[in-house]
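> Only the shape, not the letters, is given here:
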């Protein structure tokens, strides 16, 4: 894998933006009562990792910041590891991240694989959120941007 530092930074920004969109959809689901999750997963994860003694405002700020950083990181990885980010590649990444959540994060929270320990609707809600992330990331990144030139090719010439 060839890392492209500029694309890593730009991809991080795309990932953060996609995470913001995903989070707004998640918060809308919570506000309307459509969300099947007992609490936002980033907050549940931070609460589990740090214990229950942290003030709620600090916990939510840490959860939001870590969620944005996580989404940014994966946007950066995708952008820097491929010559062109497409909607398909970004949706694929969203599905992989969803699967990781289902088999690692949700069981760690005590919700069971795919959230089945709480309700199977968590699997459906979270795949929708991860597809929103992937679609947004793909649309932001796949805007006709030309890939960086490879050193030693005719693209280097003035």
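Done, it's in. Owing to the predicted nature of the structure, the values given are computational and were not obtained by experimental measurement. Numbers count the residues shown, from 1 in each chain.
> Name the single longest helix found in this structure.
Of all the segments of type helix in the chain, defined by DSSP state H, the longest one is helix 5-32.
> Just give the number of residues close to residue 7.
Neighbour count of residue 7, defined by other C-beta atoms under 10 Å: 22. C-beta here means a position set from N, CA and C on the backbone, and glycine is covered the same way.
> An error on my part: the question was meant for residue 48.
By other C-beta under 10 Å, the residues close to residue 48 number 13.
> circling back to that earlier point, neighbouring contacts of the next helix or strand after the longest helix of the chain?
Note on helix 5-32: by DSSP states H and E, the next helix or strand toward the C-terminus is helix 41-50. Helix 41-50 has contacts (C-beta atoms under 8 Å, 6 or more residues apart in numbering) with 37-39, 54, 59-60, 62-64, 66-67, 101, 105-106, 108-110, 126.
> Give me the subset of the residues you listed that lies in helices.
59-60, 62-64, 66-67, 106, 108-109, 126.
> Now that we have those residues, can you turn them into a markdown table and tack on pLDDT, neighbour count and distance to residue 8?
Below are these laid out as a markdown table (pLDDT from 0 to 100; neighbours: other C-beta atoms under 10 Å; distance: C-beta to C-beta, whole Å):
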| residue | pLDDT | neighbour count | distance to residue 8 |
| --- | --- | --- | --- |
| 59 | 90 | 18 | 29 |
| 60 | 91 | 16 | 28 |
| 62 | 94 | 17 | 24 |
| 63 | 94 | 21 | 24 |
| 64 | 95 | 17 | 22 |
| 66 | 96 | 15 | 19 |
| 67 | 97 | 22 | 19 |
| 106 | 97 | 25 | 29 |
| 108 | 97 | 13 | 28 |
| 109 | 96 | 20 | 30 |
| 126 | 97 | 23 | 26 |
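> Please convert those residues to JSON lines, extending it with distance to residue 115.
As requested, these are exported to JSON lines (distance: C-beta to C-beta, whole Å):
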{"residue": "59", "distance to residue 115": "21"}
{"residue": "60", "distance to residue 115": "21"}
{"residue": "62", "distance to residue 115": "22"}
{"residue": "63", "distance to residue 115": "18"}
{"residue": "64", "distance to residue 115": "21"}
{"residue": "66", "distance to residue 115": "20"}
{"residue": "67", "distance to residue 115": "17"}
{"residue": "106", "distance to residue 115": "5"}
{"residue": "108", "distance to residue 115": "12"}
{"residue": "109", "distance to residue 115": "9"}
{"residue": "126", "distance to residue 115": "7"}
